[in-house]
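Asks: Quick check, what structure comes out for this input:
(4 chains)
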Protein chains: 2
Amino acid sequence: MLTASRTLFLRHGYAGTTMEDVAAEAGLTKRTLYSNYGDKDTLFRQMVDDTVAYAASFARELHDEFASGLTHATLAARLDALGVRLALGILRPEVVALRRMLIGASRDFPRSVASISGRAPDRCCARSPTGSARSRSGDFLRARDPQRAAAQFAYLVAGEHLDFALMTGELPAREVVEATAREGVATFLARYAPPG
Amino acid sequence: MLTASRTLFLRHGYAGTTMEDVAAEAGLTKRTLYSNYGDKDTLFRQMVDDTVAYAASFARELHDEFASGLTHATLAARLDALGVRLALGILRPEVVALRRMLIGASRDFPRSVASISGRAPDRCCARSPTGSARSRSGDFLRARDPQRAAAQFAYLVAGEHLDFALMTGELPAREVVEATAREGVATFLARYAPPG
DNA sequence: ATATTAATTCACCAATGAGTGCAACACGAT
DNA sequence: ATCGTGTTGCACTCATTGGTGAATTAATAT
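Replies: Residues are numbered from 1 along each chain as shown, chains lettered A, B, ... in the order given. Modelled structure (predicted):
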């Protein structure tokens, strides 16, 4: 059910989705939709919360994968992998569609938007490279301000394509994303790689 | 007149702005509005084109200011200034509002959106640091892929705050923007600064 | 003064879409 | 069989909003 509404909200935005359509997509009638799932606002909020929760779990997973068994020797390769996965994650079509939709609807649903910008995938994941490094060994990376470095990491890796995708709705090819991500990691390492 | 529509479109988005409101804001009647400026779509497109043209001129100005009389000695300071000005430019309230509105309206006006993502301030300006350097001396910066480096510059400098602003509509304080920009330039220089 | 042009007023149409009321209906449990 | 719960179908209200028609009024030129 939430899946149905998600599909349509993501595809056509909040204003562009009618309750009739949602009902049809879910194989129900408008009438039953209203008696079971409340009005449009509630439905929308539920769907956003649901999706945000999913995104958060993805972020956690990514972080763990990066941080477990991290050593000096594997740092560069790990960062590379993290960068690519983070970029691909941020630039997944559904994620971009969600952001676009939320931006479009932010005037009407400031709270929902706040909930995602608080734990958006990148903001969560972004804490990975420096945050975890600091908490574990303290000298994997030399960043005076880990949080800022983390943000730099995220936007180095995916910023350009995210911006373009937000504006146009089109996503670049996977190889392009990967190449850009690696280039971003390289720049990141140029500043924050441990000495020696 | 375009100013009136701009004000409202930026504040309430396309769907959230009625022609009545526009007419009222401009001190006209709906009827005269229709007989002089066509329908809502046309008005919107005109207003977008107008704004985009302004943004483009800002980009050019920024580029010239950076590139004129650039030397090795002044490179770092110039990049710093460019970064700060670029970040402040991208994060101007009207610019952010324009982006948000365009993202919200992109389903209905793909062409207008395309026109801005083709010459968006950052995409124009972003070509400045490396593009101009290459065209003038060739070794101010050592970037194999100047365009990619330029994108990294732009998103290092403003990406994080732009993303946040797009989602929430709130802008960070000027000092924060400046500090982040300088940090971004530092990372950029760590990779692309000329040897020695 | 008068003719012409443009702007105002106000009523109106048509379409859309959220949300409701209600009667008919399916169907599982007892 | 029948009772109750939940579902369907459909008509309906109500509010919004883009866009138009036509008569009336203001302004401007000659």
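Asks: check whether stretch A:59-70 contacts chain B.
Replies: No - applying Cβ under 8 Å from any Cβ of the partner chain, one finds stretch A:59-70 separated from chain B by no less than 15.2 Å. For every residue, glycine as well, the C-beta is placed using N, CA and C.
Asks: can you check stretch A:76-87 too?
Replies: No - judged by Cβ under 8 Å from any Cβ, stretch A:76-87 stays clear of chain B, getting no closer than 12.0 Å.
Asks: Against A:Glu20, how distant is the spatially most distant residue from the centre of chain A?
Replies: Using Cα atoms, centre = their mean, the residue of chain A lying farthest from its centre is A:Arg31. It sits 34.6 Å away. According to Cβ to Cβ, to the nearest Å, A:Arg31 and A:Glu20 sit 11 Å apart.
Asks: Check A:Arg191 too.
Replies: Separation of A:Arg191 from A:Glu20 (Cβ to Cβ) stands at 54 Å.
Asks: Which one's more surrounded, those two?
Replies: Shown here are A:Arg191 and A:Glu20; by other Cβ atoms under 10 Å in any protein chain shown, A:Arg191 has more neighbours (19 against 11).
Asks: Could you tell me which other helices and strands the helix ranked longest in chain A packs against?
Replies: Using DSSP state H, we find that the single longest helix of chain A is helix A:40-67. When contacts are defined as 3 or more Cβ pairs under 8 Å, 6 or more residues apart in numbering or on different chains; DSSP states H and E, helix A:40-67 sits against helix A:2-12, helix A:75-90, helix A:93-105, helix A:110-119, helix A:121-127.
Asks: Could you rerun that using 7 Å?
Replies: For helix A:40-67, the elements it packs on are helix A:2-12, helix A:75-90, helix A:110-119, helix A:121-127, judged by 3 or more Cβ pairs under 7 Å, 6 or more residues apart in numbering or on different chains; DSSP states H and E.
Asks: Least confident of the ones you listed, on average?
Replies: Comparing mean pLDDT across the helices and strands packed on helix A:40-67, the weakest is helix A:121-127, with a mean of 48.
Asks: what's the least confident helix or strand in chain A, going by average pLDDT?
Replies: Least confident helix or strand, chain A: helix A:133-136 with a mean of 44, by mean pLDDT, DSSP states H and E.
Asks: The next helix or strand after that one close to chain B?
Replies: Going down the chain from helix A:133-136, the next helix or strand is helix A:146-168, by DSSP states H and E. Yes - judged by Cβ under 7 Å from any Cβ of the partner chain, helix A:146-168 and chain B are in contact via A:Arg148, A:Ala151, A:Gln152, A:Tyr155, A:Leu156, A:Gly159, A:Glu160, A:Phe164, A:Leu166, A:Met167, A:Thr168.
Asks: Buried by neighbour count: which residues of helix A:146-168 qualify?
Replies: Going by neighbour count (16 or more other Cβ atoms under 10 Å in any protein chain shown), the buried part of helix A:146-168 is A:146, A:148-168.
Asks: same check, this time on stretch A:185-193
Replies: Across stretch A:185-193, burial judged by 16+ other Cβ under 10 Å covers A:Val185, A:Ala186, A:Thr187, A:Phe188, A:Leu189, A:Arg191, A:Tyr192, A:Ala193.
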